[in-house]
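In: Model the following, please.
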Amino acid sequence: MVLYLIGLGLGDAKDITVRGLEIVKRAHKVYLESYTSILQDTRKEMEELYGREVIEADRLFIEQKCEAMLDEALTHEIAVLVVGDVFCATTHCDLNIRAIQKNVQVVSIHNAGIMTAVGCCGLSLYNFGLTVSIPFFTEKWRPYSFYERMKTNMAAGMHTLCLLDIKVKEQSMENLIKGRLIFEPPRFMTVNQAIQQLLSLEEEKKMDVFHPSTFCIGLARVGCPTQRIVAGKASDLLRVDFGGPLHSLIVPCLKTVTEEENIMIQHFAVKESDLVLEKEEDKKEDD
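Out: The predicted model follows:
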């Protein structure tokens with residue numbers, strides 16, 4: 001039969017398309033991919049709205065145990081719900097490939113994703129370069145290939161969209177080694193944390209990419225009623241409380257910003273009332 005990959009959009013369960021909802025109501029089983037992104041609604045709220053059971057497909061399921069789901073799709077209509085658009089994450093591209101290799105017919109129902117929705121900040125999507133992902137650093141792991149891509153974009157006069165890391169159902173190294181299915185609390189990178197990591201990379205690599213004076217745009221909960229967009233110097237955005245997840249960061253190339261783009265940037269310019277968090281130097285003095 002068919003494996004349906006159904007985009008849910010960025011806000012809540014109501015953002016599903018009419019076609020997507022029709023499929024959800026008639027499908028043999030409905031799965032929710034729950035680790036590459038999140039909606040504002042809970043799974044229970046989705047079940048109440050859609051009128052049927054929604055099975056959680058977490059990281060372990062998608063990466064290691066989805067073969068049974070793909071086998072079911074050979075004889076039934078199976079729906080997989082994806083936050084955002086269906087192909088914004090490599091996880092879903094991989095799922096698509098595995099289904100095709102099993103001769104499962106795949107049908108995609110698209111929806112709004114962060115890759116296009118960032119146009120809400122006023123920057124033209126035509127002027128974005130390579131999208132990068134910023135992972136949480138650890139003491140022993142500080143990758144910087146994304147930083148090199150940001151430099152490439154800057155040299156080409158293009159804006160950079162930075163997707164910020166989320167950690168859902170992650171295991172500690174100790175639990176992973178011992179095979180214990182004990183998971184760490186969820187973590188969602190904030191605009192503030194991303195800026196701090198970028199500044200630390202610049203201090204370490206001296207690549208002249210990102211500084212406290214670098215102009216950037218912080219976005220939170222794009223597509224939701226509580227959406228927030230603030231534009232300003234990195235040092236100022238560090239003091240802005242962007243609220244709950246999910247967050248994204250844009251580093252524009254100011255040399256190529258058009259007059260129309262600049263109008264919107266000024267609309268979202270940081271205000272004195274936005275600067276509610278302590279400066280880093282003030283925190284150090286308190287310590």
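In: What residues sit buried inside the helix or strand harbouring Met69?
Out: Counting by DSSP states H and E, the element that carries Met69 is helix 67-72. Residues of helix 67-72 classed as buried: Met69, Leu70, Glu72 (neighbour count, 16 or more other CB atoms under 10 Å). C-beta coordinates here come from the backbone N, C-alpha and C atoms, glycine included.
In: Just name the closest of these to Arg180, please.
Out: Nearest to Arg180 among the buried residues of helix 67-72, counting by CB to CB, is Met69 at 25.0 Å.
In: The closest one: what's it in contact with?
Out: Shown in contact with Met69 (CB atoms under 8 Å, 6 or more residues apart in numbering): Lys29, Tyr31, Ala57, Ile78, Val80.
In: Those residues in strands, which ones?
Out: Among the contacts of Met69, the ones falling in strands (DSSP state E) are Lys29, Tyr31, Ala57, Ile78, Val80.
In: and the closest residue to the third one other than its chain neighbours, what is it in contact with?
Out: Leaving out its chain neighbours, the residue that sits closest to Ala57 by CB to CB, 6 or more residues apart in numbering is Tyr31, at 4.3 Å. Contact criterion CB under 8 Å, 6+ apart gives Val54, Ile55, Glu56, Ala57, Phe61, Met69, Ile78, Ala79, Val80, Leu81 as the residues in contact with Tyr31.
In: Could you export these as CSV, including pLDDT?
Out: Putting the contacts of Tyr31 into CSV (pLDDT from 0 to 100) gives the following:
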residue, pLDDT
Val54, 95
Ile55, 93
Glu56, 90
Ala57, 88
Phe61, 84
Met69, 94
Ile78, 97
Ala79, 97
Val80, 95
Leu81, 94
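In: could you dump the residues you listed to TSV with distance to Met154?
Out: Formatted as TSV, the contacts of Tyr31 follow (distance: CB to CB, whole Å):
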residue	distance to Met154
Val54	42
Ile55	44
Glu56	40
Ala57	38
Phe61	39
Met69	42
Ile78	43
Ala79	41
Val80	37
Leu81	37
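In: Would you mind listing which of these are buried?
Out: Val54, Ile55, Ala57, Phe61, Met69, Ile78, Ala79, Val80, Leu81.
In: got the domain boundaries for this structure?
Out: 2-112, 115-281 (automatic domain parsing).
In: Show me the contact partners of stretch 231-242.
Out: For stretch 231-242, using CB under 8 Å, 6+ apart, the contacting residues are 121, 190-192, 195-196, 198-199, 210-218, 220, 228, 230, 265-266, 268-270, 274-280.
In: repeat that for 7 Å
Out: 190-192, 195, 199, 210, 212-218, 220, 228, 230, 265, 268-270, 274-277, 279-280 (CB atoms under 7 Å, 6 or more residues apart in numbering).
In: Okay, and which of the residues you listed map to strands?
Out: Reading strands off those with DSSP E, I get Phe215, Cys216, Ile217, Gly218, Ala220, Arg228, Val230.
In: For Thr138, grab the count of nearby residues.
Out: A count of neighbours around Thr138, defined by other CB atoms under 10 Å, yields 8.
In: For Asp58, see how far away it is.
Out: Shown here: Thr138 relative to Asp58, a distance of 22 Å by CB to CB, to the nearest Å.
In: Over to Cys253?
Out: 38 Å.
In: Between the two, tell me which one has more neighbours.
Out: Between Cys253 and Asp58, Cys253 has the larger neighbour count (other CB under 10 Å), namely 19 against 15.
In: give me phi/psi at the more buried one?
Out: phi -90, psi 100 (degrees, to the nearest 10).
In: who are the neighbours in contact with it?
Out: Asn153, Met154, Gly157, Met158, His159.
In: would you list every one of the strands in this structure?
Out: Under DSSP E, the chain gives strands at 2-7, 29-33, 55-57, 77-82, 105-109, 132-134, 160-164, 166-167, 187-188, 215-220, 228-233, 247-251.
In: Enumerate every residue touching the residue nearest the centre of the chain.
Out: Nearest to the geometric centre of the chain sits Leu163, at 5.2 Å (CA atoms, centre = their mean). By CB under 7 Å, 6+ apart, the contact list for Leu163 reads Ile114, Thr131, Ser133, Ser248.
In: The last one and His76: what is the separation?
Out: Between Ser248 and His76 the distance, using CB to CB, works out to 36 Å.
In: How about the third one?
Out: Counting by CB to CB, the gap between Ser133 and His76 amounts to 34 Å.
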